[in-house]
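Enquirer: here's a sequence, model it:
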Amino acid sequence: MNEVQPIRNKRHINAIKKALSGRDLLLFIIGINSGLRISDILKLRVGDVRDRDYIVVKEQKTGKTKRFAINKAIKDAVKEIVPADAPDDEYLFKSRKGGNKPITRVQAYRILNDAAERAGVKDKIGEIGCHTLRKTVGYWAYKNGADLTTIMRMFNHSSQAVTLRYIGVTAEEVDEVYHTLNL
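Expert: As a prediction, the model looks like this:
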């Protein structure tokens with residue numbers, strides 16, 4: 001399996017959003033705004049996000065509790081996409097195969113790849129996978145001025161090296177820092 005990278009271009013993010021709708025759009029929006037692993041996103045239920053200011057999850061991988069503020073993008077998407085009469089115990093990303101079960105990781109992967117293909121950005125952003133969403137959060141947090149320690153805490157990482165890999169800063173971006181210094 002190839003290592004995925006963050007989506008580094010906001011036009012590509014917007015193109016993917018336009019290629020999605022309903023449940024699948026909500027999946028993408030929560031993914032690129034939360035930093036949760038796909039296994040934790042898929043376990044979210046309507047009551048975890050509706051009329052809430054924070055999401056609290058126990059991370060499946062680490063067993064650590066993660067609490068984070070729900071931003072405007074997530075709140076707006078939940079309000080627009082989740083039916084008002086949806087029960088609180090219903091999965092946000094309910095499988096269409098019947099029953100109250102969430103979609104699988106494989107299905108989430110298919111949704112993301114199909115959307116990138118339809119958006120015409122798959123060749124431009126490289127390999128896309130479920131972890132692309134998580135890495136995109138870190139990349140844009142860093143680009144918007146968040147320090148490495150804060151991003152580490154967002155991801156519940158214990159090592160700066162792991163966080164740096166997530167951010168996915170390219171050699172070209174490092175070169176640009178040198179070009180703009182000119183002290």
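Enquirer: any idea how far Asn100 is from the nearest residue to Ala86 once chain neighbours are set aside?
Expert: Residue nearest to Ala86 in three dimensions, not counting chain neighbours: Val46, with 4.8 Å by Cβ to Cβ, 6 or more residues apart in numbering. (C-beta placed from N, C-alpha, C; glycine too.) Remark: distance between Val46 and Asn100 (Cβ to Cβ, to the nearest Å) = 11 Å.
Enquirer: now do Ile32
Expert: Taking Cβ to Cβ as the criterion, Ile32 is separated from Asn100 by 26 Å.
Enquirer: what is the neighbour count of Phe28?
Expert: Look at Phe28: counted by other Cβ atoms under 10 Å, it has 22 neighbours.
Enquirer: right, and it touches Lys17 too?
Expert: Yes - the criterion here is Cβ atoms under 8 Å, and Phe28 meets it with Lys17 at 6.5 Å.
Enquirer: circling back to that earlier point, more neighbours, Ile32 and Asn100?
Expert: Each of Ile32 and Asn100 had its neighbours counted (other Cβ under 10 Å), and the higher figure belongs to Ile32 (23 against 11).
Enquirer: secondary structure element for the most centrally placed residue in the chain?
Expert: Taking Cα atoms, centre = their mean as the criterion, Gly31 is the residue nearest the geometric centre of the chain, at 2.2 Å. Using DSSP states H and E, Gly31 maps to helix 22-34.
Enquirer: what's the answer for Asp123, then?
Expert: helix 122-125.
Enquirer: give the contact list for Thr62.
Expert: Taking Cβ atoms under 8 Å, 6 or more residues apart in numbering, we find Thr62 in contact with Asn156.
Enquirer: same question for Lys58.
Expert: By Cβ under 8 Å, 6+ apart, Lys58 lies in contact with 64-66.
Enquirer: most neighbours among the residues you listed, which one is it?
Expert: Going by other Cβ under 10 Å, Lys66 tops the contacts of Lys58 with 19 neighbours.
Enquirer: make sure it is indeed in a strand.
Expert: Yes - using DSSP: H, G, I helix; E, B strand; the rest coil, the secondary structure at Lys66 is a strand.
Enquirer: what residues does the next helix or strand after the helix holding Gly31 touch?
Expert: Remark: after helix 22-34, the chain's next helix or strand is helix 38-41, criterion DSSP H and E. Helix 38-41 has contacts (Cβ under 8 Å, 6+ apart) with 27, 30-31, 34, 57, 59-61, 66, 93, 105, 108, 130-131, 133-134.
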